[in-house]
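Visitor: model this:
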Amino acid sequence: MTSTASTSPTVLQPSISGRGDRPAGTGPLPTRLDSLTSLRFFAAFAVFAHHFTGYGHKTGFGTAPLIFPYSQIGAHGVTFFFVLSGFLLTWVHKPEQRAGAFYWRRIARIWPATLVAAVPAYYVFYVMAKEDRDWGSIISSLFLVQNWFPGAYPTLPGNPVTWTLGVELLFYLLFPFAARVLVRMRTRNLWLLTAAGLLGMVVVDHVAYAELSAKTASWVMRHPLVYMPEFLLGITLALAVKRGWRMPLHPAVPVAALAAFVYAYYQARAALPPYWDQQLEALVRPSISILAALIMLAFVQREVAGHRGIMNSRTLINLGIWSYCFYLLHHTVSRWATYEFGRLHDNNGALFGLLGLGLVATALSWALHRYVEEPANRWLIRKMPARLRTPVRR
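Guide: As a prediction, the model looks like this:
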């Protein structure tokens with residue numbers, strides 16, 4: 001969710017066109033896609049709305065009937081980030097870059113802000129919550145490997161939201177090597193591999209909840225390996241677009257489709273018996289992945305064609321730039337308010353609390369980005385060993 005791109009253009013290279021594919025053109029493609037930066041904020045805010053309203057009238061800071069239960073789908077805002085990471089890293093992929101340099105840049109981008117955000121998270125989720133400390137689990141969360149341990153305590157130790165960074169970490173480790181293989185595949189074969197991966201997610205979800213205990217199933221469905229098809233979807237989409245593939249698609253269409261899916265999903269959940277509800281749940285992650293990819297495609301196509309709209313506004317771009325820090329802080333802010341003031345009344349007045357805390361989290365995310373994320377990233381990039389900066393000879 002933290003991938004960024006430079007502002008210089010990149011020329012469509014034959015090396016990424018795949019055997020048997022013929023690019024639609026060889027003109028320059030922008031590496032900076034402002035619309036995708038803006039969309040990051042909406043995905044982060046969706047996750048915030050999920051944590052704010054919780055799962056019902058006993059969780060979260062306040063439950064607003066106007067948006068509940070639909071706000072719960074915000075938990076899948078992380079799916080957007082996974083697909084987006086695959087897309088952006090592939091979009092700006094430089095085959096000559098050393099794997100060590102890639103890892104250095106990823107660590108420089110995500111780790112400093114993660115460590116700083118862990119401090120208030122510890123105070124809120126352990127001190128204020130009067131939670132028992134399991135230092136092994138807490139330390140594992142600082143290194144973003146907590147998802148690999150089924151016995152971690154609590155289920156999401158440290159700063160709870162960093163479980164998704166553990167998923168991203170595995171993808172970062174694999175990307176330099178996977179990209180060498182994937183860029184040589186035909187577009188058709190990439191789509192088939194991606195479809196198989198998404199289908200595999202459905203199967204794993206179904207088997208986990210049908211055959212395993214609830215605790216073990218929950219761990220399996222947070223395991224980084226389970227989410228790799230979502231990154232693959234982003235990779236495939238980026239390669240397809242760079243090779244000239246297009247689909248007539250106005251952004252309003254996939255956005256409306258997402259809204260319709262969310263509405264239908266919760267209406268169905270309220271009516272289905274438990275068994276069929278579980279089958280439906282297994283389809284959610286792949287479905288949201290596909291809808292997220294279509295939304296990205298619609299906006300990227302417009303931007304590549306030179307169209308600009310509200311997603312290219314400076315305000316939304318800045319919010320998108322701060323969205324990583326917003327993601328790190330939002331749950332801490334919401335839970336702090338809950339412990340400090342108690343839950344709000346469960347009525348639509350809670351929406352004012354949602355907006356108010358959203359503004360607080362945004363202000364704090366700006367500060368974390370301005371005084372930690374960016375300066376630390378620049379400093380660490382300057383400290384990159386010279387041997388890592390040397391391009392790989394092909």
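Visitor: switch to C-alpha atoms for all contacts and neighbour counts from now on
Guide: Will do.
Visitor: Following element in sequence after the one helix or strand Ala43 maps to, please.
Guide: Per DSSP states H and E, Ala43 falls inside helix 34-53. Using DSSP H and E, the helix or strand that follows helix 34-53 in sequence is helix 77-91.
Visitor: Which residues does that next one contact?
Guide: 1-5, 31, 40, 43-44, 46-47, 164, 168, 179, 227, 230-239, 242, 285, 288-289, 292-293, 296 (C-alpha atoms under 8 Å, 6 or more residues apart in numbering).
Visitor: in this structure, which ranges drop under the pLDDT threshold?
Guide: Scanning the chain with the threshold set as pLDDT under 70 gives 1-27, 57, 394.
Visitor: 80 instead?
Guide: 1-28, 56-58, 275, 278, 393-394 (pLDDT under 80).
Visitor: Return the distance of the residue nearest the centre of it relative to Ala44.
Guide: For the chain, the residue nearest the mean C-alpha position is Phe81 (1.9 Å; C-alpha atoms, centre = their mean). To Ala44, Phe81 is 9 Å away according to C-alpha to C-alpha, to the nearest Å.
Visitor: if we can go back for a sec, what about the helix holding Ala43, distance to the chain center?
Guide: Relative to the centre of its chain, helix 34-53 is centred 9 Å away, using C-alpha atoms, centre = their mean, to the nearest Å.
Visitor: what's the angle between it and helix 77-91?
Guide: In terms of direction (axes from the mean of the first three to the mean of the last three C-alpha atoms, to 10 degrees), helix 34-53 departs from helix 77-91 by 160 degrees.
Visitor: Now for Arg269: which residues touch it?
Guide: Arg269 neighbours (C-alpha under 8 Å, 6+ apart): 277, 280.
Visitor: Provide the secondary structure category for it.
Guide: helix (DSSP: H, G, I helix; E, B strand; the rest coil).
Visitor: returning to that earlier point: give me the subset of the contacts of helix 77-91 that lies in helices.
Guide: Per DSSP state H, helices hold the following members of the contacts of helix 77-91: 40, 43-44, 46-47, 164, 168, 179, 230-239, 242, 285, 288-289, 292-293, 296.
Visitor: show me where this structure has strands.
Guide: 9-11, 28-30 (DSSP state E).
Visitor: Would you give the sheet partners of the last one, along with the direction of each?
Guide: Translated: strand 28-30. As defined by DSSP bridges, the strand partners of strand 28-30 come to strand 9-11 (antiparallel).
Visitor: Narrow the contacts of helix 77-91 to just the buried residues.
Guide: Buried by 16 or more other C-alpha atoms under 10 Å: 1-5, 31, 40, 43-44, 46-47, 164, 168, 179, 227, 230-239, 242, 285, 288-289, 292-293, 296, out of these.
Visitor: Next one: Met228 relative to Leu169, how far apart?
Guide: For Met228, the distance to Leu169 - C-alpha to C-alpha - is 11 Å.
Visitor: now swap in Thr187 and tell me
Guide: According to C-alpha to C-alpha, Thr187 stands 26 Å off from Leu169.
Visitor: more neighbours, those two?
Guide: Neighbour count, other C-alpha atoms under 10 Å: between Thr187 and Leu169, Thr187 has more, with 23 against 20.
Visitor: quick revisit: so which elements touch the helix holding Ala43?
Guide: Packing partners of helix 34-53 (3 or more C-alpha pairs under 8 Å, 6 or more residues apart in numbering; DSSP states H and E): helix 77-91, helix 284-304, helix 314-321, helix 323-341, helix 350-368.
Visitor: Name the residues that touch it?
Guide: Contacts to helix 34-53, defined as C-alpha under 8 Å, 6+ apart, come from residues 1, 59-64, 68, 71-78, 80-81, 296, 299-300, 303, 311-312, 316-324, 326-327, 330-331, 334, 354, 358.
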